[in-house]
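Engineer: return atomic coordinates for the entry below.
(one chain, ligands or ions: 1)
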Amino acid sequence: MAGMKLFFVLMILFLAAVQGWAQPLKSLGLIGNRVQERFETLVQEDLSLLEKEGFYEAAKFFRNFPRELTYWTQDYVGDYRVKVELFALQYRDIGNLAPPEVAESLENFLESLRLGEEPLPQIIIRERGEKIFYLYVLPLKVKKSCLPCHGSRIRFQEELRELYPEDQARELKVGDLRGALVIEIAPEALNRFASKLSKSP
Ligand code: HEC
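Structural biologist: Numbering: from 1, shown residues only. The predicted structure follows:
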């Protein structure tokens, strides 16, 4: 595990050192920050929906987060070859179980937390047929705002059990790893965004 982590760190340093990579790397960091902010805004909106409309409506809204975030990010990047997803090892919905390469990043994040370190985002290169995509994997830790739905005192136990009988994403504490926010972006889209960025003052 530690070896894997070193590999990723080395890979990122290597990519940063290769000419022409500094700007795309900076862009990826920027996109990641903005998407994470957007995610947190959606969580706040969901909390008020939870108060006003109850758990079913809030869950439905949460379920739509990946689509919302995808549209938002396509708009921000100015290219449609971008997709945002939410994954976990301890999932609420089994459909959000992390695919193997993301699961590996999540294991690395857990290892960092065990060592008392802050987990760092990772970049994965995914091949699909002839094409490659970058996956930017950001760790999502449990914050206070997650507790009403992922903590130990959930008021909507019945609804939760009914909607998600296989739920494992509860009884969590602030600082625990909740999952990953994954931004999949085509190299062309990233480069386009990066060059736009370098031209703006
Ligand atoms: C209003 C309730 C609510 C709040 C608040 C909430 N979640 Fe969730 N979360 C859900 C529901 C419902 C799902 C299942 C969505 C689905 O059906 O795909 C979920 C799923 C997830 C997933 C996808 C993986 C999985 O377990 O299925 C992640 C990652 C996640 N939440 C992270 C967070 C984080 C981080 C916070 C706090 C910053 C948070 N959530 C706050 C209700 C909530």
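Engineer: in stretch 109-123, what counts as buried?
Structural biologist: Phe109, Leu110, Ser112, Leu113, Pro119, Pro121, Gln122 (16 or more other CB atoms under 10 Å). To be clear about C-beta, it is placed using only N, CA and C from the backbone, and glycine gets the same treatment.
Engineer: straight-line length of it, end to end?
Structural biologist: Using CA to CA, to the nearest Å, one end of stretch 109-123 lies 13 Å from the other.
Engineer: ok, which stretches of the protein are helices?
Structural biologist: Secondary structure of the chain (DSSP state H): helices located at 2-17, 22-53, 55-63, 65-77, 100-114, 147-150, 157-163, 187-199.
Engineer: any residues of this protein in contact with the ligand? List them.
Structural biologist: With CB under 6 Å from any ligand atom as the criterion, the chain comes near the ligand at residues 43, 46-47, 50, 58-59, 62-63, 86, 88, 91-93, 96, 140, 143, 145-146, 148-150, 169, 178-179.
Engineer: pull the longest strand from this structure.
Structural biologist: For the chain, the strand with the greatest residue count under DSSP state E is strand 131-141.
Engineer: quick one on the thing from earlier: ranking the helices of the chain by burial, who's on top?
Structural biologist: helix 147-150 (a mean of 19; mean count of other CB atoms under 10 Å).
Engineer: list of residues touching stretch 169-178?
Structural biologist: 88, 90-92, 106, 109-110, 113, 119, 139-144, 146-147, 150-152, 154, 160, 179 (CB atoms under 8 Å, 6 or more residues apart in numbering).
Engineer: quick check: chain neighbours aside, which residue is closest to the residue nearest to the spatial centre of the chain?
Structural biologist: Nearest to the geometric centre of the chain sits Leu181, at 0.5 Å (CA atoms, centre = their mean). Excluding the flanking residues, the one nearest Leu181 by CB to CB, 6 or more residues apart in numbering is Leu138, at 4.5 Å.
Engineer: what's the neighbour count on the one you found?
Structural biologist: Residues within reach of Leu138, counting by other CB atoms under 10 Å, total 20.
Engineer: just Cys146 next, same as before
Structural biologist: Cys146 has 19 nearby residues by other CB under 10 Å.
Engineer: rewinding a little: could you export the helices of the chain as TSV, including distance to Lys173?
Structural biologist: Shown next, in TSV, are those (distance: least, CB to CB, whole Å):
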stretch	distance to Lys173
helix 2-17	24
helix 22-53	17
helix 55-63	20
helix 65-77	22
helix 100-114	12
helix 147-150	8
helix 157-163	18
helix 187-199	35
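Engineer: can those helices go into JSON lines with extra columns for mean pLDDT and distance to Ile132?
Structural biologist: Converted to JSON lines, those look like this (pLDDT from 0 to 100; distance: least, CB to CB, whole Å):
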{"stretch": "helix 2-17", "mean pLDDT": "66", "distance to Ile132": "13"}
{"stretch": "helix 22-53", "mean pLDDT": "94", "distance to Ile132": "13"}
{"stretch": "helix 55-63", "mean pLDDT": "96", "distance to Ile132": "29"}
{"stretch": "helix 65-77", "mean pLDDT": "98", "distance to Ile132": "17"}
{"stretch": "helix 100-114", "mean pLDDT": "97", "distance to Ile132": "13"}
{"stretch": "helix 147-150", "mean pLDDT": "96", "distance to Ile132": "34"}
{"stretch": "helix 157-163", "mean pLDDT": "92", "distance to Ile132": "37"}
{"stretch": "helix 187-199", "mean pLDDT": "89", "distance to Ile132": "6"}
